[in-house]
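1. below is the structure, and that's it, no one-letter string:
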Ligand SMILES: Nc1ncnc2c1ncn2[C@@H]1O[C@H](COP(=O)(O)OP(=O)(O)OP(=O)(O)O)[C@@H](O)[C@H]1O
């Protein structure tokens, strides 16, 4: 029997954004005044139209760039390997095998393949690709390449995984399958996820919190809570509960875009 889920408001804080903003070239306000408390185990989607600062927020959280204003604070000390990142493109090394690609985060930290082989194979098993460890990226489908990218992001068992529209380029059936598998994976490694998407449907299926954002300037409009219990079966997609949440998120998105639904 699985332990009952802790309501998210009672989970310990992982990190927080306090009035974070980013301005480019002196006048492009990519993000303004974003505050967000991220708690351990959250699955948060950043949902919004193009240009609302979703990717900027992820880049700031991953420390790839620094905020122009405000602060991002981790609740405890951060260790190497605490953060995994998945981009829209799988960005695999074409000359390296699947296993060598997944080994990369360890390799960058000076760890030999032999010393982390079990971790690499375990990560590949979790994404269903253990039989493809010796294949090359060119031999894989788009969905399989994305699975390798996810395995690489989670091989160090990070506390936080940032995902920037990872499934946007995939066909719908593959996307549904990867949505299901991502939730299983998240449970298996017990991490926190911040996931950027344009898709209301994807955000409702995956998240327990949806942060709705608007553009010009990029900012948070509202936050919705999706209280449906995990694990979420495929049947959740066709339930009345799912329809009600997607309606709520669609309305919030229209509001964010200054439109009437
Ligand atoms: N390096 C940069 N230099 C200048 N402007 C930038 C830079 N990065 C982002 N911007 C601008 O900041 C705004 C927010 O961009 P961002 O990529 O964060 O939006 P987004 O919500 O992720 O969009 P999309 O969904 O299209 O990826 C946009 O107007 C963008 O043109």
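-> Noted; the coordinates are in hand. For clarity, every value in this text was computed on a predicted model and none was experimentally measured.

2. surely residue 34 forms part of a strand?
-> Yes - Residue 34 sits within a strand when classified using DSSP: H, G, I helix; E, B strand; the rest coil.

3. where's the closest residue to it other than its chain neighbours relative to the ligand, distance?
-> Excluding the flanking residues, the one nearest residue 34 by C-beta to C-beta, 6 or more residues apart in numbering is residue 20, at 4.6 Å. No exception for glycine: its C-beta is placed from N, CA and C like everyone else's. In this structure, residue 20 and the ligand are 12 Å apart, going by C-beta to the nearest ligand atom, to the nearest Å.

4. please settle this for me: is residue 20 part of a helix?
-> No - applying three-state DSSP, one finds residue 20 to be strand, outside a helix.

5. pretty sure it contacts residue 30?
-> No - taking contacts as C-beta atoms under 8 Å, residue 20 lies outside contact range of residue 30: 10.7 Å.

6. how about the residue lying closest to residue 21 once chain neighbours are set aside, what does it touch?
-> Excluding the flanking residues, the one nearest residue 21 by C-beta to C-beta, 6+ apart is residue 69, at 4.1 Å. The neighbourhood of residue 69, defined by C-beta atoms under 8 Å, 6 or more residues apart in numbering, consists of 19, 20, 21, 23.

7. tally of neighbours for the second one?
-> Here the neighbour count serves as a burial measure; for residue 20 (other C-beta atoms under 10 Å) it reads 23.

8. now do the first one
-> Using other C-beta under 10 Å as the criterion, residue 19 is surrounded by 12 other residues.

9. just confirm residue 70 is within a helix.
-> No - under three-state DSSP, residue 70 falls outside any helix and is assigned strand.

10. so how far is the host helix or strand of residue 248 off the chain centroid?
-> Residue 248 is located in helix 240-256, with elements delineated by DSSP states H and E. Taking C-alpha atoms, centre = their mean, to the nearest Å, the mean C-alpha location of helix 240-256 is offset from the chain mean by 20 Å.

11. hmm, back to that, distance of the residue nearest to residue 21 relative to residue 115?
-> 42 Å (C-beta to C-beta, to the nearest Å).

12. quick one on the thing from earlier: ok, the helix holding residue 248 near the ligand or not?
-> No - on the criterion C-beta under 6 Å from any ligand atom, helix 240-256 is out of touch with the ligand, staying 11.2 Å away.
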